[in-house]
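J.: let me see the structure of the following:
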Amino acid sequence: MVKRISFLTLLFAILSLVFYLLLVFLRFEFHPYPLISYQDALDLLTPLVLIPIYWLLFKFAASEESNLTEEILFLVFAIFWIQGQGMHLSANSINNLIENLAKNQVIDIKPTDIYRLTYFFDEYLSHYLWHFGLLGLAALLIYREWRHPTEQATTWWAAVLAGVIYGFTYFCIFLEGKTIIMGLPFAIVVVLFTLISERKNLSKRPMLAFFFISCLLALIMFAGWGLYWGGFPEFSDVGLL
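T.: Model (predicted):
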C-alpha cells in the first residue's frame with residue numbers, strides 16, 4: 001500500500017512510452033485489413049489501457065475521496081484526451097495512406113483540399129485536443145496530491161525510472177506534435193512549483209516527484225534540442241523519423 005503510487009507511475013510511464021512512441025515502429029500492413037497498419041490497429045487500445053491507469057492514479061493520489069468537481073474535471077480532461085487521440089488515430093491513418101499512394105505513384109491527392117483537411121486534423125487539431133487533456137489530467141493529479149497528501153513514501157528508484165521514461169516520452173510527443181507552446185510552459189510551472197514550495201516534501205509526494213523528474217528532464221531535453229537546432233524542429237523535419 002505504501003509504495004502503490006510510485007509503482008503505478010512507473011507502470012503509467014512504461015505504457016505511455018509503448019503507446020505514444022513505440023507503436024510508430026509497427027507502421028506496416030495489417031493483414032486482416034491492409035488499408036491500415038499494425039500501428040493503427042494497436043493504437044485502438046491506447047485509451048482503453050491508459051485512461052484506467054489515469055483513473056487509478058486519480059483515486060490514489062489523495063488521502064480523501066474525490067469530490068464532484070474533481071470528478072467532473074477528470075471527465076472533461078479525459079474527454080479531450082480521448083477525442084484528440086481518436087481523431088489523431090483516424091486522420092493519421094488516412095494521411096499515411098494518402099502519402100503511400102502518392103509515393104507509389106498510384107494517385108496523388110496531396111495538392112487537394114482533402115489532404116489539407118486530413119493534415120489539419122492529423123497534425124494540428126487532434127494534437128492540441130489530446131495534449132490539452134493530457135496536461136489537464138497531469139495538473140489534476142498534482143493538485144489532488146497537494147490538496148490532500150497521502151503521505152505515502154516515495155520509492156525513489158521507481159520514481160526516477162518512471163520520471164526518466166515519461167520525461168523522454170513527454171519531450172518527444174510535444175516536440176513532434178507541434179504543441180511545444182503547451183508542453184514547455186507546463187513543464188516550467190511544475191519544476192518551479194516543486195522547487196519553490198514543495199522540494200522538502202518530495203519524499204512524501206510520489207506523484208509530484210514523478211512529474212517533477214519528468215518535467216525537469218523534458219526541460220533539459222528541450223533546452224538542448226533548441227540550442228542545437230536553433231529552434232524546435234520536429235524529428236521528421238531533421239530526418240530522425
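J.: next secondary structure after the helix-or-strand element of the chain with minimal mean pLDDT?
T.: When each helix and strand of the chain is scored by mean pLDDT, DSSP states H and E, helix 113-120 comes last, with a mean of 92. Using DSSP states H and E, the helix or strand that follows helix 113-120 towards the C-terminus is helix 126-147.
J.: now that following helix, how far from the chain's geometric center?
T.: Centroid displacement of helix 126-147 relative to its chain, using CA atoms, centre = their mean, to the nearest Å, is 10 Å.
J.: does anything pack onto that helix? Which helices or strands?
T.: Contacts defined by 3 or more CB pairs under 8 Å, 6 or more residues apart in numbering; DSSP states H and E place helix 126-147 against helix 46-60, helix 68-103, helix 180-193, helix 206-229. For every residue, glycine as well, the C-beta is placed using N, CA and C.
J.: re earlier: just the C-alphas of the least confident helix or strand of the chain, formatted as PDB.
T.: Extracted C-alpha coordinates of helix 113-120, given in PDB (Å, rounded to 0.1, in the frame of the first residue of the first chain):
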ATOM      1  CA  ASP A 113      -8.300  20.100 -50.100                       C
ATOM      2  CA  ILE A 114      -8.900  16.500 -49.000                       C
ATOM      3  CA  TYR A 115      -5.300  16.100 -48.000                       C
ATOM      4  CA  ARG A 116      -5.100  19.600 -46.400                       C
ATOM      5  CA  LEU A 117      -8.200  18.900 -44.300                       C
ATOM      6  CA  THR A 118      -6.800  15.500 -43.200                       C
ATOM      7  CA  TYR A 119      -3.500  17.000 -42.400                       C
ATOM      8  CA  PHE A 120      -5.200  19.700 -40.300                       C
END
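J.: in this protein, where is pLDDT below threshold?
T.: Within the chain, the set of residues satisfying pLDDT under 70 comprises 1-3, 241.
J.: again, only using 80
T.: Within the chain, the segments meeting pLDDT under 80 span 1-3, 105, 239-241.
J.: residues contacting stretch 183-198, please?
T.: Residues from elsewhere that reach stretch 183-198 (CB atoms under 8 Å, 6 or more residues apart in numbering): 131, 135, 138-139, 142, 146, 170, 173-175, 202, 205, 208, 211-212, 215-216, 218-219, 222.
J.: one step back: tell me which of the helices and strands packed on helix 126-147 sits nearest to residue 157.
T.: Among the helices and strands packed on helix 126-147, helix 206-229 comes nearest to residue 157, with 11.5 Å by CB to CB.
J.: okay, the angle between the closest one and helix 46-60?
T.: Per axes from the mean of the first three to the mean of the last three CA atoms, to 10 degrees, the angle that helix 206-229 makes with helix 46-60 is 130 degrees.
J.: right, and residue 202 touches residue 208 too?
T.: Yes - counting by CB atoms under 8 Å, residue 202 touches residue 208, with 6.4 Å between them.
J.: more neighbours, the two?
T.: The neighbour comparison of residue 202 against residue 208 (other CB atoms under 10 Å) goes to residue 208, with 24 against 17.
J.: wait, that one touches residue 147, no?
T.: No - using CB under 8 Å, residue 208 makes no contact with residue 147, being 11.8 Å away.
J.: right, so the helices and strands packed on helix 126-147: which one is the most enclosed?
T.: When the helices and strands packed on helix 126-147 are scored by mean count of other CB atoms under 10 Å, the highest mean neighbour count falls to helix 206-229 (a mean of 20).
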